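>>> Need the 3D shape of this:
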Amino acid sequence: MTVDLEDVLRDLAPRLFRYAIGRIGDAGLAEDVAQECLTALVQRWQRHGPPESAEAFVFAIARRRAFRAAVRRRMWLPIEHLVGARDSGPDPESAAIARDARTRALAAIRKLPARDREVLLLVVAGGLNTAQAAGTLGISPSALKVRTFRARQRLAALLENHNGNQP
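This next block holds a predicted model:
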């Protein structure tokens, strides 16, 4: 079966973006990370043909690049505030997003332990199947299933507590 690069890119682009925004929390940086990963896939495809799993290939890259982008963002943010590059007040779009359920979910995801956060982002936001996500994390599929189940339980508890539904 022949796999078309354009179809693969079309499928992966939104999933990579959702994963990166979940990891970084900044749409502009998330878009950059997703684009870099897709560019790496295209270069790999042109030089050596399609990888065995395009999803595993790009999400392995996305994990590393999202981590580095988040670190860079944390390093530069205080400097930008010092020199006045960013207004201290939220813009109207950010204020609207802050009221959105997605923002609450992202905040809850960020409170999860890194292992839980990573598995949820790969499986839910990234749309990887069990084998792909397990391969990306270097664990067995059964370990991934257990980790995903527990991560979802912890996230549900965080969201319940955040919404004031605690007993």
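
>>> Just the C-alpha atoms of stretch 6-13, please, in CSV.
The C-alpha trace of stretch 6-13 is given here as CSV (Å, rounded to 0.1, in the frame of the first residue of the first chain):
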residue,chain,number,x,y,z
GLU,A,6,0.4,15.0,1.8
ASP,A,7,-2.3,12.8,3.4
VAL,A,8,0.0,11.9,6.3
LEU,A,9,0.8,15.6,6.8
ARG,A,10,-2.8,16.6,6.7
ASP,A,11,-3.7,14.0,9.3
LEU,A,12,-0.8,14.8,11.6
ALA,A,13,-0.7,18.6,11.6
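
>>> what residues does that stretch touch?
Residues outside stretch 6-13 that contact it (C-beta atoms under 8 Å, 6 or more residues apart in numbering): 34, 38, 41-42, 50, 54-55, 58. In short, each C-beta sits where N, CA and C put it, glycine included.

>>> Identify the residue nearest the most centrally placed residue in the chain in space, chain neighbours excluded?
Nearest to the geometric centre of the chain sits Tyr19, at 2.2 Å (C-alpha atoms, centre = their mean). In space, Tyr19 comes closest to Gly126 once its chain neighbours are excluded; the distance is 4.1 Å by C-beta to C-beta, 6 or more residues apart in numbering.

>>> Quick check: the gap between the one you found and Phe149.
17 Å (C-beta to C-beta, to the nearest Å).

>>> Which one of those two is surrounded by more residues?
Gly126 (26 against 11; other C-beta atoms under 10 Å).

>>> Domain map for this protein?
What automatic domain parsing lists as the domains of the chain is 1-88, 92-167.

>>> Now render the ones you listed as JSON lines, adding mean pLDDT.
Formatted as JSON lines, the domains of the chain follow (pLDDT from 0 to 100):
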{"stretch": "domain 1-88", "mean pLDDT": "83"}
{"stretch": "domain 92-167", "mean pLDDT": "82"}
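
>>> what's around Leu9, how many residues?
Neighbour count of Leu9, defined by other C-beta under 10 Å: 16.

>>> what helix or strand does it sit in?
Using DSSP states H and E, Leu9 maps to helix 5-24.

>>> Buried ones in that helix, by neighbour count?
8-9, 12-13, 15-24 (16 or more other C-beta atoms under 10 Å).

>>> Right, I'll leave it there.
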